[in-house]
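Asks: sequence below, structure please.
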Amino acid sequence: MASKTIYREEYRRLVERLRERREELGLSQGELARQLGWPQQRMSAVEAGARRLDVIEFFELTSALGLSPARAMKLVLPAGQG
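Replies: Numbering: from 1, shown residues only. The predicted model follows:
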């Protein structure tokens, strides 16, 4: 049986890239969560790997981080692809 994607290395790398982007922009978890209309605890849980993003949340989050859908998808692809 396949493991849940939240536990896969690819997902952890994606979450790390999203956190790095947030930090590059100088945003706290709370500031980004407010922009999205999310509780800060949701942002914290996503970055800690305790909560998985659904596809809509992913695109909302990446848009708030200033990423186009095409650029956001490149975060998901393994290095060297896309």
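Asks: mind showing which ranges of the protein have poor pLDDT?
Replies: Flagging of the chain using pLDDT under 70 yields the residue ranges 1-2, 79-82.
Asks: how about the strands in it?
Replies: Along the chain, counting by DSSP state E, no stretch forms strands.
Asks: show me where the protein has its helices.
Replies: Remark: helices assigned in the chain by DSSP state H are 9-24, 29-36, 40-48, 55-64, 69-76.
Asks: export the ones you listed to CSV and tack on mean neighbour count?
Replies: For every residue, glycine as well, the C-beta is placed using N, CA and C. Output for the helices of the chain, formatted as CSV (neighbours: other Cβ atoms under 10 Å):
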stretch, mean neighbour count
helix 9-24, 15
helix 29-36, 16
helix 40-48, 16
helix 55-64, 16
helix 69-76, 14
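Asks: how about TSV for the ones you listed, with distance to residue 3 added?
Replies: Below are the helices of the chain laid out as TSV (distance: least, Cβ to Cβ, whole Å):
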stretch	distance to residue 3
helix 9-24	10
helix 29-36	27
helix 40-48	18
helix 55-64	19
helix 69-76	17
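Asks: I'd guessed residue 10 sits against residue 75; true?
Replies: No - Residue 10 lies out of contact with residue 75 (Cβ atoms under 8 Å); the separation is 10.3 Å.
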